Structures are given as C-alpha cells and as structure tokens.
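**Q** structure, please.
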Amino acid sequence: MEYIYAAMLLHKAGHKVDEHGVTKVLEAAGAKHDSARVKAVVAALDGVDIDKAIEKAAVMAPVAAAPAHGGEAKAESKADDKKKVEEEKKSEEAAMAGLGALFG
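**A** Modelled structure (predicted):
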C-alpha cells in the first residue's frame, strides 16, 4: 500500500510518477522498499489518469458503506420487533385479565 501512497503523493505534488520518485518518497518515509514492486506499481500506473481513478473510488465509497447502514436498519428492525412482541403480550394479558373478571 505504501507504494501506492508514494505514487499518489508524487502525483498530488505535481511530480512525475516514476521509479526514482517513488523510491525517494519511500526512503524519505523510512519505509523499506523492493525495487521490483516499485517497478510494478509504476508500470501499473502508466497511462492511468490518477485523478479520474480517485474520483471513481470516491463515488464508489458510499456504496461500500451501504451495508453498514443496512445493519443499523436491521438492528432497529429487531428492536421494533421486540417492542411489538411485548405489546402483543401485554394485550393478551389484558384480554385474559378481562376474561377472568367475566367469569370471576
């Protein structure tokens, strides 16, 4: 991941994303680096519009967050279900108490 971060930092600073630059950023950060990985990242980013890739990732991020919201809805739904069950029990108990008074 640090290789991608280095490339993004270079891009954001307006520098060319190349092997030398990525290596220098990693060295400046005190991170160990593998020259084969540096080459692979630079090759993978060759011809990629990084700004568009970041924009696309930002658009997709809320979609990834959607299941977390759905989990909250399920938790609320379970709480609502518990309330309904408790209300039904109270209603049944009240009905039974009323029947007991009739036959009392």
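**Q** Met8: how many residues sit nearby?
**A** Residues lying near Met8 (other Cβ atoms under 10 Å) number 16. (C-beta placed from N, C-alpha, C; glycine too.)
**Q** separation between it and Asp34?
**A** Look at Met8 and Asp34: by Cβ to Cβ, to the nearest Å, they are 18 Å apart.
**Q** so for stretch 9-17, what gets flagged as buried?
**A** Across stretch 9-17, burial judged by 16 or more other Cβ atoms under 10 Å covers 9-11, 17.
**Q** in a markdown table: these, plus secondary structure and distance to Pro62.
**A** Putting these into a markdown table (DSSP: H, G, I helix; E, B strand; the rest coil; distance: Cβ to Cβ, whole Å) gives the following:
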| residue | secondary structure | distance to Pro62 |
| --- | --- | --- |
| Leu9 | helix | 25 |
| Leu10 | helix | 28 |
| His11 | helix | 23 |
| Val17 | coil | 27 |
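**Q** where do the helices of the chain begin and end?
**A** Secondary structure of the chain (DSSP state H): helices at 2-12, 19-29, 35-45, 50-103.
**Q** average pLDDT for the last one?
**A** For helix 50-103, the per-residue pLDDT values average out at 69.
**Q** for the second one, same thing?
**A** Per-residue pLDDT values over helix 19-29 give a mean of 96.
**Q** so what does that helix touch, helix or strand wise?
**A** Counting contacts by 3 or more Cβ pairs under 8 Å, 6 or more residues apart in numbering; DSSP states H and E, helix 19-29 is packed against helix 2-12, helix 35-45.
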